[in-house]
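[1] Got a predicted structure plus its sequence, pasted below:
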Amino acid sequence: MPNLTIDGQRVDVPDGATVLDAARALGIAIPALCHRDGFRPSTSCMACVVKDLRSGRLVPSCTAQVAEGMEIASETDEVRAARRHALELLLSDHPADCLAPCETVCPAGMAIPTMIRQIAAGDVRAAAATARAALVLPATLGRVCPAPCEKGCRRGQHDAPVAIRLLHRFAADEDLAIGAAGQETRRAESGKRVAVVGAGPAGLAAAWHLRLAGHAVTVFDDHDAAGGALRYAVEDAVLPPEVLDAEVALIERLGAAFRFGTRVGQNVSLQDLTRDFDAVLVAVGNLEQADALGLPTAKDGLEVDRDTRETPTSGVFAAGDAVRPRKMAVRAVADGAAAAACIDRYLAGETPAAPDRPFTTRLGRPEPDELAEFVATASPDDRTEPAGGADAGFTPDEAAHEAPRCLHCDCRAADSCLLRRWADRYGAKPNRHTGTRRRVRILDRHPTVVYEPGKCISCGLCVQICEQRRERLGLAFIGRGFEVRVGVPFDQAIADGLTEAAAACAEVCPTGALALKET
């Protein structure tokens, strides 16, 4: 059995093993897009390179055979740079979005295509849960939000954007009406206590997320009801108080306590809160209220660390209009959620930090023929308008009619895509290399899978599976040189090539080029 050293660790491996096999035996993670155990390696991605210290060469670990006495380095600066370069080359010819433009534009990062798919499938409860996970107040925001997501909707480049705001309002309203809302699972009680100063959208969002994290939350507000500007600056005809009350009640049901008629800085001091609670979040609605707390201010609001949301006073955090005036309630909700994430880490003894926005590639504005590929997968109907007017919202039939207009620009395999995972890990920049890229093509006539050839990195795993399953036509490498692509022989349809192996091919595809259709 050959013996080698990887990153200073010695390991014995069977004859014929690769460096990748040896690394995995040691628990060392090496990116491998085109390799799977049990398949012939193709080295099509070159993301698995390591350095052979004796020869001084970079070698692909998935094909490099182990030799006695070999010395390998798996994570030097040179290796990381080479992997990043390989990933960036793949990304430069990857005509796709990991996340749909509507989701990246949404300040709260709601999984909009997922929510719409759930409505289209008739699972309104799941759609409401998806909306609430990001928006906290989806029924409320469904009435007052100016819908920046719809400005990012790619359907708008064809005819009219999908009515995203009305759809999440519909799902949330239906969920509230049947009493199914507010059943989210929360973590075990942490024993930590957080005071939230201000019951506006930022404070409410923070209270929601902190309770989900298992922390006890008390919200202080000088009004007699929660909502802040949502309650006192929006007409009842636009936002009926009972809608806001119902969503605030969900936060109470989750375990948050409210102390109304209490002005911090007057009825109770900030020092009292820092003494009695493990952390404090200041989420008051304006700088004048924040000034009364005696915290340092910057140009537009309270002085905070942009990354940690913490003020110069240890354990005191700030969010929303107290830090910077925001014109949209959804931005305040997003800021409250980010502050809650920072506080959660602080209470765990870690450096406070809000989660980064998820990695995504960006297709940008598609060419007309590419836009046509998206449009062909969706309902051709015009945008649905509520028969009872915008204030009435969608009926179930109207929502069911509107949802299929979504082009589903997001990747169907975004959560499992290895290209995305490793690009994020190595800090790869999708736009590092520019130039001519492959065109968007969406082959969706197969009953169970969708094939997008532009995402294919020619790893050949699907080709091997078709050989193993003895597909009559299967998939094969077509073309030569840089133009080689995977496709069905003789220009046949994907449904003719994959009659038995479709699901297995989608399961091993490293980039979502072959992906299961939504159920």
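    Looks like it came in fine. Residues are numbered from 1 along each chain as shown.
[2] When you work out contacts or count neighbours from here on, use the C-alpha atoms and nothing else.
    Fine.
[3] Contacts for the least confident helix or strand in the chain by mean pLDDT, please.
    One helix or strand of the chain scores below all others by mean pLDDT, DSSP states H and E: helix 287-291, with a mean of 74. If you take Cα atoms under 8 Å, 6 or more residues apart in numbering as the criterion, helix 287-291 is touched by 282, 284, 297, 300-302, 321-323.
[4] Same check on stretch 118-132?
    110-112, 114-116, 138, 168, 171-172, 174-175, 180-181, 184, 399-400, 403-404, 519.
[5] Just the buried ones from these?
    Among the contacts of stretch 118-132, the ones that count as buried by 16 or more other Cα atoms under 10 Å are 110-112, 114-116, 138, 168, 171-172, 174-175, 181, 399-400, 403-404.
[6] Where helices are concerned, which of those residues count?
    Cross-referencing those against helices under DSSP state H gives 112, 114-116, 138, 168, 171-172, 174-175, 399-400.
[7] Farthest-apart pair in these, please.
    The two members of those with the most space between them (Cα to Cα) are 138 and 400, at 18.2 Å.
[8] tell me which element the residue nearest the centre of the chain is part of?
    By Cα atoms, centre = their mean, the chain has its centre lying nearest to residue 358, at 4.9 Å. For residue 358, there is no helix or strand it lies in under DSSP states H and E.
[9] for residue 20, same thing?
    Under DSSP H and E, the secondary-structure element containing residue 20 is helix 19-25.
[10] which residues touch residue 412?
    Contacts of residue 412 by Cα under 8 Å, 6+ apart are 512, 515-518.
[11] between the residues you listed, which is nearest residue 223?
    Comparing the contacts of residue 412 against residue 223 with Cα to Cα picks out residue 518 as the nearest, at 45.8 Å.
[12] remind me which residues of the stretch 201-350 of the chain are low pLDDT?
    Within the stretch 201-350 of the chain, no range satisfies pLDDT under 70.
[13] how about the helices in it?
    201-212, 229-232, 241-253, 270-276, 287-291, 329-347 (DSSP state H, counting those that start in this stretch).
[14] can you redo the contacts of residue 412 as a markdown table with distance to residue 61, neighbour count and secondary structure?
    Below are these laid out as a markdown table (distance: Cα to Cα, whole Å; neighbours: other Cα atoms under 10 Å; DSSP: H, G, I helix; E, B strand; the rest coil):
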| residue | distance to residue 61 | neighbour count | secondary structure |
| --- | --- | --- | --- |
| 512 | 23 | 27 | coil |
| 515 | 27 | 25 | strand |
| 516 | 30 | 21 | strand |
| 517 | 33 | 16 | coil |
| 518 | 35 | 12 | coil |
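[15] got the contact list for residue 161?
    Neighbouring residues of residue 161 by Cα under 8 Å, 6+ apart: 150-151, 153-155, 383.
[16] can you pick the most crowded of those?
    When neighbours are counted by other Cα atoms under 10 Å, residue 154 leads the contacts of residue 161 with 25 neighbours.
[17] Give me the pLDDT for it.
    Each residue has a pLDDT score; the one for residue 154 is 97.
[18] Residue 519 now?
    You'll see residue 519 listed with a pLDDT of 47.
[19] circling back to that earlier point, put the alpha carbons of the least confident helix or strand of the chain into CSV.
    Extracted in CSV, the C-alpha atoms of helix 287-291 (Å, rounded to 0.1, in the frame of the first residue of the first chain):
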residue,chain,number,x,y,z
LEU,A,287,-33.1,60.0,15.2
GLU,A,288,-34.9,62.3,17.6
GLN,A,289,-36.0,59.3,19.7
ALA,A,290,-32.6,57.7,19.4
ASP,A,291,-30.9,60.9,20.6
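[20] buried residues in that helix?
    Within helix 287-291, the residues scored as buried using 16+ other Cα under 10 Å are 287, 289-290.
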